[in-house]
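J.: take a look and give me a structure for this.
(2 chains)
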2 protein chains.
Amino acid sequence: MVGDRDALLSANTRFYEAFSAGDLGAMDDLWAREAPVVCVHPGWALLEGRDAVMASFKGIFSGSPPDVTCSQPTTFIDGRMGMIVCHEHVGRLVLIATNLFVFEHGRWSMIHHHAAPVVPEPGHRKPATPPDDLKN
Amino acid sequence: MVGDRDALLSANTRFYEAFSAGDLGAMDDLWAREAPVVCVHPGWALLEGRDAVMASFKGIFSGSPPDVTCSQPTTFIDGRMGMIVCHEHVGRLVLIATNLFVFEHGRWSMIHHHAAPVVPEPGHRKPATPPDDLKN
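T.: I've put the predicted structure just below:
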C-alpha cells in the first residue's frame, strides 16, 4: 500500500502540531525509524541521524517552543516518497520548509525537514505568494 | 529502470557545473519536464513551475553567476525519487541545499532545489561539519 496525499498532508500537520506543542513524543513518533533522517533548522548546520534530530527538538522544546503554523502546502508524491513544500509562520516571520517523507510501516514518516526564512527584498526577488498545490 | 546513486550524484554535479558556468541551456536540460518543479533560492520566495524557475536562473546568470561548489553530498533514493542534501560553498559562505530529483525518461531530473545559508552562532547551534553519506 502506498500513502495518499491526504495522509501525507496529515503527517505534515502532525509535525507542526508537535512542534508548536513542544511534544517530543509526538515528534519522535513522526520521524522514520528505518530510513535515515536528516534535518536543517533555520541557519543551523546539518543534523544527521535520529539521535541528533531528536536532540535538536529536545533542545528547542526545553525553552518555549515556537508557535509554528504551516500554510498552503505544495505536495509531490512518487511511489513511497512524498515531498511537501510549505510556508511556515512564526509570529511575523515567514519561512519556507521542505519536508520529505517515506511511506514506512503503513504510514508517512519524516526523513528530512529543511526550513529557512524568506528575506523580503526589493528588486528582482519575487515577493512571497501562497503556492498552489502541484499535484494531487 | 531506476536510477542509481552514481547517476544521481552525477546529476547533482551537473547542476552545480551549470550554475557556476551560468549555462542556462544545461540548467534547463537538468530540470524535469513532466513532473512539476519548485525552487527556493537563499532568502527568496517560493518559485513554482518551470517558467518561474528558469526565469530565476536567467536572472542570476545575467550578472556574474556565482561560483558554487558542492561538498560531501548525502544521498537517499527510494524508487524513482532521489534526495541529495549537501553543503554549498560560495566564496566563504556556506549553505545547505536540499535537491530533489525524479527518474524521468531514463535519467535523474531535478524537481526541487532549496538552498539556505548556515549561520554560525555560538551556543546551542551545532557547527557546520561535513556530512557522511546516509545510504548507498
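
J.: other SSEs contacting the top helix by length along chain A?
T.: When secondary structure is assigned using DSSP state H, the longest helix within chain A turns out to be helix A:5-21. Counting contacts by 3 or more CB pairs under 8 Å, 6 or more residues apart in numbering or on different chains; DSSP states H and E, helix A:5-21 is packed against helix A:24-30, strand A:68-78, strand A:81-90, strand A:93-104, strand A:107-117. Where you see a C-beta, it was placed from the backbone N, CA and C, and this is true even at glycine.

J.: run a quick neighbour tally on the closest residue to A:Gly3 other than its chain neighbours.
T.: What sits nearest to A:Gly3 in space, not counting adjacent residues and going by CB to CB, 6 or more residues apart in numbering or on different chains, is A:Phe103, at 4.3 Å. Neighbour count of A:Phe103, defined by other CB atoms under 10 Å in any protein chain shown: 23.

J.: please name the residues that touch the nearest residue to A:His87 once chain neighbours are set aside.
T.: Excluding the flanking residues, the one nearest A:His87 by CB to CB, 6+ apart is A:Ser71, at 4.7 Å. For A:Ser71, the contacting residues are A:Cys86, A:His87, A:Glu88, A:His89, A:Pro130, taking CB atoms under 8 Å, 6 or more residues apart in numbering or on different chains as the criterion.

J.: can you select the buried ones from the residues you listed in PyMOL?
T.: Restricted to buried positions by 16 or more other CB atoms under 10 Å in any protein chain shown, the PyMOL selection for the contacts of A:Ser71 reads:
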select buried, chain A and resi 86+87+88+89
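
J.: tell me the one of the contacts of A:Ser71 nearest chain B?
T.: When the contacts of A:Ser71 are compared for distance to chain B (CB to the nearest CB), A:His87 wins out at 7.4 Å.

J.: now the residue lying closest to A:Cys86 once chain neighbours are set aside: how far from chain B?
T.: Taking CB to CB, 6+ apart, and ignoring the residues beside it in sequence, A:Cys86 has A:Pro73 as its nearest neighbour in space, at 4.0 Å. In this structure, A:Pro73 and chain B are separated by 11 Å, where distance is defined by CB to the nearest CB, to the nearest Å.

J.: quick one: A:Pro73 from B:Pro66, how far?
T.: Applying CB to CB, to the nearest Å, one obtains 30 Å for the distance of A:Pro73 from B:Pro66.

J.: neighbour-wise, which of these two wins?
T.: Neighbours per residue (other CB under 10 Å) separate A:Pro73 from B:Pro66, with A:Pro73 holding more: 21 against 14.

J.: quick one: pLDDT of that one?
T.: Predicted confidence (pLDDT) for A:Pro73: 96.

J.: show me the contacts for it.
T.: With CB under 8 Å, 6+ apart as the criterion, the residues that contact A:Pro73 are A:Leu9, A:Asn12, A:Ile84, A:Val85, A:Cys86, A:Asp133.

J.: name the nearest residue to the residue nearest to the spatial centre of chain A, ignoring sequence neighbours.
T.: Ranked by distance to the mean C-alpha position of chain A (CA atoms, centre = their mean), the top residue is A:Asn99 at 4.0 Å. Here the nearest residue to A:Asn99 in space, its sequence neighbours aside, is A:Ile84; by CB to CB, 6+ apart that works out to 4.5 Å.

J.: measure how buried that neighbour is and give me the count.
T.: A:Ile84 is flanked by 25 other residues according to other CB under 10 Å.

J.: isn't it up against A:Thr74?
T.: Yes - applying CB atoms under 8 Å, one finds A:Ile84 in contact with A:Thr74, separated by 6.8 Å.

J.: quick check: the residue nearest to A:Asn99 vs chain B, distance?
T.: Noted for A:Ile84: a distance of 11 Å to chain B, by CB to the nearest CB.

J.: go on, A:Asp4?
T.: Going from A:Asp4 to chain B by CB to the nearest CB gives 16 Å.
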